[in-house]
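Enquirer: What follows is a protein structure lacking sequence information:
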């Protein structure tokens, strides 16, 4: 009956270890593998003893499997626990045997008392020898009992150390679970913060993209306006180039007197027209118009060949005896407008001078000829004569030719 009860207990222990129980967050396939390890490494007696600690052993095995050599260490721990339980079973068997032998010793003591009584009554020495052998056997049994007691103490100490190791592992597992839970909470908070930051960043980028799109629309509108302005400038530049083409041709034709005339009319004439009269300036002879109504004697007469007459002055200019800016060729001029100047106002004396300077300019096209002019106010009579030329938009010239 005792053996049947023991086998039934072993079968119940194996059934308890193989029966799935709630083991926390362990995955089902991993829990099945851990139960197979427990069934394989533990004997029936050890399984029956560790039945209350099944969930703890499964959690410890789950923690061990996360390391590289944790599975072998977990199997070694199960083998050590099974070996301790086997030794404890052996010790229990030996203790039972010692109890039986102790009962025999007690019987031998009773026999000793009986033999003592026999000696006292003079019985045979054979019974005495038998009692002596029983005493020796008793001494041997006591020595074996002491050895077994020492082994039992060692097994109990080993079991106590393994229980301490198991408790330490349990505490480590609890600390690890607590750390994992704290890490999970911290990771959740961090993920929530990152999600909040991500949403804020997306909103900010969306607003910036809208602003950038508006700015791009404004920039495109400005670009279209700038293109229109540039097209206008380009067209105006083309017109200016077309209008400047004759002046470029004049410049390339080596006519510097035209450039000096244009420079005078554009740069100097407006300021000179605003100045008070009675001042001397240098004016290109091509800018001076002939005074209206004044005649020019261009006949080949002895009088015109005099040094101060038309041909005499032209001869002296051509020979280099006289320069255009000499005092002898000084003229009197007035400004009709900023671009119209009239010279030789003292017609009797200055008309031959202006004619000689104009003729000399016609001969020296490689340079500009300028006369020293004394600017005076415009007379009313001269003003009316020049106004008569306005309808025809003509220039006042000497009355020569047809």
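Expert: Everything's here; your move. None of the values given here were measured: they were computed from a predicted structure. Numbers count the residues shown, from 1 in each chain.

Enquirer: contacts for the helix or strand hosting residue 315?
Expert: In this assignment (DSSP states H and E), residue 315 forms part of helix 310-319. Here helix 310-319 makes contact (CB atoms under 8 Å, 6 or more residues apart in numbering) with 296-298, 300, 304-307, 322-324, 329, 352-353, 355-357, 359-360, 363. Heads up, the C-betas are built off the backbone N, CA and C, glycines and all.

Enquirer: Is there a quick PyMOL command that grabs whichever of the residues you listed are buried?
Expert: Applying 16 or more other CB atoms under 10 Å to the contacts of helix 310-319, the buried members can be selected in PyMOL as follows:
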select buried, resi 296+298+304+322+324+329+352+353+355+356+357+359+360
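
Enquirer: Any stretches of this structure with poor pLDDT?
Expert: Residues of the chain meeting the criterion pLDDT under 70: 1-29, 65-70, 117-124, 127, 250, 277-278, 384-386, 388-393, 402.

Enquirer: Please, where are all the helices along it?
Expert: Taking DSSP state H, the helices of the chain run over residues 2-18, 28-41, 44-49, 54-65, 70-120, 125-252, 256-263, 269-274, 310-319, 347-363, 380-387.

Enquirer: will you turn those helices into CSV that also has distance to residue 338?
Expert: Formatted as CSV, the entries for the helices of the chain read as follows, by distance: least, CB to CB, whole Å:
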stretch, distance to residue 338
helix 2-18, 122
helix 28-41, 107
helix 44-49, 126
helix 54-65, 106
helix 70-120, 107
helix 125-252, 19
helix 256-263, 13
helix 269-274, 5
helix 310-319, 29
helix 347-363, 21
helix 380-387, 14
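
Enquirer: Go through those helices and name the closest to residue 394.
Expert: When those are compared by CB to CB, helix 380-387 sits nearest residue 394, at 10.5 Å.

Enquirer: burial count for residue 163?
Expert: Neighbourhood size, residue 163 [other CB atoms under 10 Å]: 12.

Enquirer: how much space between the residue lying closest to residue 254 once chain neighbours are set aside and residue 255?
Expert: Closest residue in space to residue 254, ignoring its immediate chain neighbours: residue 366 at 7.1 Å, by CB to CB, 6 or more residues apart in numbering. Here residue 366 is placed at a distance of 9 Å from residue 255 (CB to CB, to the nearest Å).

Enquirer: more neighbours, those two?
Expert: Per other CB under 10 Å, whichever of residue 366 and residue 255 has more neighbours is residue 255, with 15 against 9.

Enquirer: And for that one, nearest residue in space, chain neighbours not counted?
Expert: Nearest non-adjacent residue to residue 255, counting by CB to CB, 6+ apart: residue 365, 6.3 Å away.

Enquirer: wait, the one you found sits on residue 253?
Expert: No. The pair residue 365 / residue 253 is not scored as a contact, 9.6 Å apart, by CB atoms under 8 Å.

Enquirer: of the two, who's got more company?
Expert: Taking neighbours as other CB under 10 Å, residue 365 and residue 253 compare with residue 365 leading, 14 against 9.

Enquirer: ok, now how distant is the more buried one from residue 205?
Expert: Computed with CB to CB, the distance linking residue 365 and residue 205 is 74 Å.

Enquirer: Not counting stretch 338-351 itself, show me its contacts.
Expert: 265, 269-270, 273, 283, 285, 287-291, 294-296, 331-336, 353-354, 371, 373, 376, 378-379, 382, 386, 396.

Enquirer: one more time with 7 Å
Expert: Contacting residues not belonging to stretch 338-351 are listed as 265, 269-270, 273, 283, 287-289, 291, 294, 296, 331-336, 353-354, 371, 373, 376, 382, 386, 396 [CB atoms under 7 Å, 6 or more residues apart in numbering].

Enquirer: Buried ones among the residues you listed?
Expert: Buried, going by 16+ other CB under 10 Å: 265, 269, 273, 283, 287-289, 291, 294, 296, 331-336, 353-354, 371, 373, 382, 386, 396, out of those.

Enquirer: among the residues you listed, which are in strands?
Expert: If you go by DSSP state E, the buried ones among the contacts of stretch 338-351 have 283, 288-289, 331-335, 371, 373 in strands.
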